[in-house]
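Colleague: Whatever this is, show me its structure:
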Amino acid sequence: MTITKQRRTITIPWLIAIFAILLLTGCASAPSSEPEQPSSPPNQASPATETHEPEVLTFTDTAGKEITLPLPIERAVVLNRNTAEAITLLGAKDAILATGDTTIKNNPYLELAGKPDVGETKQVNLELILSLKPQVVFAYTNRPDQTLEEKLEPAGIKVVRINNYLPEQMDEELRLLGKLFRKTDKAEQFLEWKHSIEQLLADRVAGLKEEEKKSVLALSAGFLNTNGGYRIFPSQSIGGKPGVGEGYATILAGGKDAADLEWNPAESSTTIMVDEEYVLKRNPDVITLHGTWLGGYETEDAKPFEEALDNIMKTTSVSRLKAGQTRDIYFFYTNFVGSDKRYIGTLQLAKYLYPDLFQDVDPEQYAREYYEKWLNVPYKGIWTYSYKDAK
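Modeller: Numbering: from 1, shown residues only. Below you'll find the predicted structure:
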């Protein structure tokens, strides 16, 4: 008994130990009931930390209408050529199904000629738009009229009204496009570059005294002296807010508006007709002429500019103005001072007005960078012309 009891005393603890070892070994080698999850590849966020962009966006467009759209937009018809350029700048051009508003004619560098043209804003081909089945149609805030919404929205096509050319709206409209096309980073990078140019200009003209500022009259070149009158681009709109781009450029460039007119943003025209006597009475130091019938991306010869301005001096009362006598007359292609590239054209205008302040600044350098870096196309064309420098 003694021996047997002793053996039990010795053996049982060892059996327990051996059993525990075997049990642990079996658990370690047993296959898991859950399938193994592959490790995340480098630079890929795990599901627990991944951030998801919203699938839809509810926003208010520039016309004040609340709209909800799925993201990102993949099918868009763009009636507004300024918006077509902004979308291209963001790298989302593939989403454009069709264009309008003379985009193909006046913005050939966007390379959208292969897309359907749904017509100018006053003659939109609604049937063609409906057949393309876009998610959204982009239009100006003041054109076409509400027929666009009445015909398209019952078919599930949203109409977004943004301008992309008025100074107080451009930044937020570009940010909105960045969200809609999921190009927010590109939008902010571009705006940082744009703001650096605007700040350069603002810093240079900030020290100008009121008596040093030149008076400027911004006129439509295409309607110059029409029926004995002139069409002026006002620098302010109703309520003292910034006016039409061509007119407000005067203020940004350190000048003062020779006119005392206010623009109504509800009007389809961006000019106000005045008679010849009004212009003679205002007698500006400088005249800026704006239009798209001279210059542009495909223009190489500056001779038509000189011929046109010589004719203006012979056939209109411009020659009786101070600006005509000093030849302080400058032509700007619309987009370069009155529209989406205002920050470049306005810098050029400031250099025309105050050459000593901008001796070391080359506005064309920024124009080249815009086309080559942001639009990824060659820089060419004639966008501004100085009648004074052509003497």
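Colleague: Skipping adjacent residues, who's closest to residue 261 in space?
Modeller: Once flanking residues are discounted, residue 261 sits nearest to residue 234: 4.2 Å by C-beta to C-beta, 6 or more residues apart in numbering. No exception for glycine: its C-beta is placed from N, CA and C like everyone else's.
Colleague: Let's verify that neighbour: helix, strand, or coil?
Modeller: Secondary structure, DSSP: H, G, I helix; E, B strand; the rest coil: residue 234 is coil.
Colleague: Which parts of the stretch 201-350 of the chain are helices?
Modeller: Applying DSSP state H, counting those that start in this stretch to the stretch 201-350 of the chain gives helices spanning 245-252, 276-282, 303-315, 322-326, 342-353.
Colleague: Between those, which one is closest to residue 114.
Modeller: helix 342-353 (27.8 Å; C-beta to C-beta).
Colleague: which other helices and strands contact the very next helix or strand once past the closest one?
Modeller: Scanning forward in sequence from helix 342-353 by DSSP states H and E, the next helix or strand is helix 363-369. Packed against helix 363-369 by the contact rule (3 or more C-beta pairs under 8 Å, 6 or more residues apart in numbering; DSSP states H and E) you find helix 342-353.
Colleague: Find me the pLDDT at the residue nearest to residue 261, would you?
Modeller: pLDDT, residue 234: 94.
Colleague: ditto for residue 294
Modeller: For residue 294, the pLDDT comes out at 91.
Colleague: and it, what does it touch?
Modeller: 221, 304-305, 308, 331, 333, 385 (C-beta atoms under 8 Å, 6 or more residues apart in numbering).
Colleague: okay, the helices of the stretch 201-350 of the chain in TSV with mean pLDDT and distance to residue 144 next?
Modeller: Compiled in TSV, these are given as follows (pLDDT from 0 to 100; distance: least, C-beta to C-beta, whole Å):
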stretch	mean pLDDT	distance to residue 144
helix 245-252	92	20
helix 276-282	95	31
helix 303-315	92	31
helix 322-326	97	36
helix 342-353	97	24
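Colleague: what's the closest of those helices to residue 177?
Modeller: Short answer: helix 342-353, nearest of the helices of the stretch 201-350 of the chain by C-beta to C-beta, at 17.5 Å.
Colleague: Which positions in that closest one come out as buried?
Modeller: Buried positions in helix 342-353, judged by neighbour count with 16 or more other C-beta atoms under 10 Å: 342-353.
Colleague: what about residue 301, neighbour count?
Modeller: Applying other C-beta atoms under 10 Å, we find 7 residues neighbouring residue 301.
Colleague: Could you do residue 79 as well?
Modeller: Neighbour count of residue 79, defined by other C-beta under 10 Å: 26.
Colleague: Please name the nearest non-neighbouring residue to it.
Modeller: Nearest residue to residue 79, sequence neighbours excluded (C-beta to C-beta, 6+ apart): residue 100, at 4.2 Å.
Colleague: for that neighbour, phi and psi?
Modeller: Dihedral pair for residue 100: phi -160, psi -160, per degrees, to the nearest 10.
Colleague: Also the one 5 residues further on?
Modeller: Dihedral angles of residue 105 (phi, psi; degrees, to the nearest 10) stand at phi -70, psi -50.
Colleague: Near it, how many other residues are there?
Modeller: Residue 105 has 13 neighbours, counted by other C-beta under 10 Å.
Colleague: Ok, residue 385 next?
Modeller: 22.
Colleague: Might one say that it is in contact with residue 305?
Modeller: Yes - contact criterion C-beta atoms under 8 Å: residue 385 and residue 305 qualify, at 4.2 Å.
Colleague: Name the residues contacting each of those two.
Modeller: Joint contacts of residue 385 and residue 305 (C-beta under 8 Å, 6+ apart) are 294-295, 331.
Colleague: Which ones among those residues map onto strands?
Modeller: Among the shared contacts of residue 385 and residue 305, the ones falling in strands (DSSP state E) are residue 331.
Colleague: How is this protein partitioned into domains?
Modeller: Following automatic domain parsing, one gets these domains for the chain: 56-185, 209-386.
Colleague: Figure out the length between the terminal residues of the longest one.
Modeller: In terms of C-alpha to C-alpha, to the nearest Å, the two terminal residues of domain 209-386 are separated by 25 Å.
Colleague: what's the answer for the shortest one, then?
Modeller: With C-alpha to C-alpha as the measure, the first residue of domain 56-185 is 18 Å from its last.
Colleague: residue ranges with poor pLDDT in the stretch 51-200 of the chain?
Modeller: Across the stretch 51-200 of the chain, the ranges flagged by pLDDT under 70 are 51-54.
Colleague: Do a quick rundown of the helices in it.
Modeller: 81-89, 103-106, 126-132, 147-152, 170-180, 184-205.
Colleague: how about the last one: buried residues?
Modeller: When neighbours are counted by 16+ other C-beta under 10 Å, the buried residues of helix 184-205 are found to be 186-187, 190-191, 194, 197-198, 201, 204-205.
Colleague: how about the strands in the stretch 1-150 of the chain?
Modeller: Applying DSSP state E, counting those that start in this stretch to the stretch 1-150 of the chain gives strands spanning 56-60, 66-70, 76-78, 96-99, 136-139.
Colleague: Just the residues contacting the fourth one, thanks.
Modeller: Under the criterion C-beta under 8 Å, 6+ apart, residues 75-79, 81, 84, 87-88, 112, 115-118, 128-129, 132, 134 lie in contact with strand 96-99.
Colleague: my read: residue 340 touches residue 171, true?
Modeller: No - using C-beta under 8 Å, residue 340 is not in contact with residue 171; the gap is 11.6 Å.
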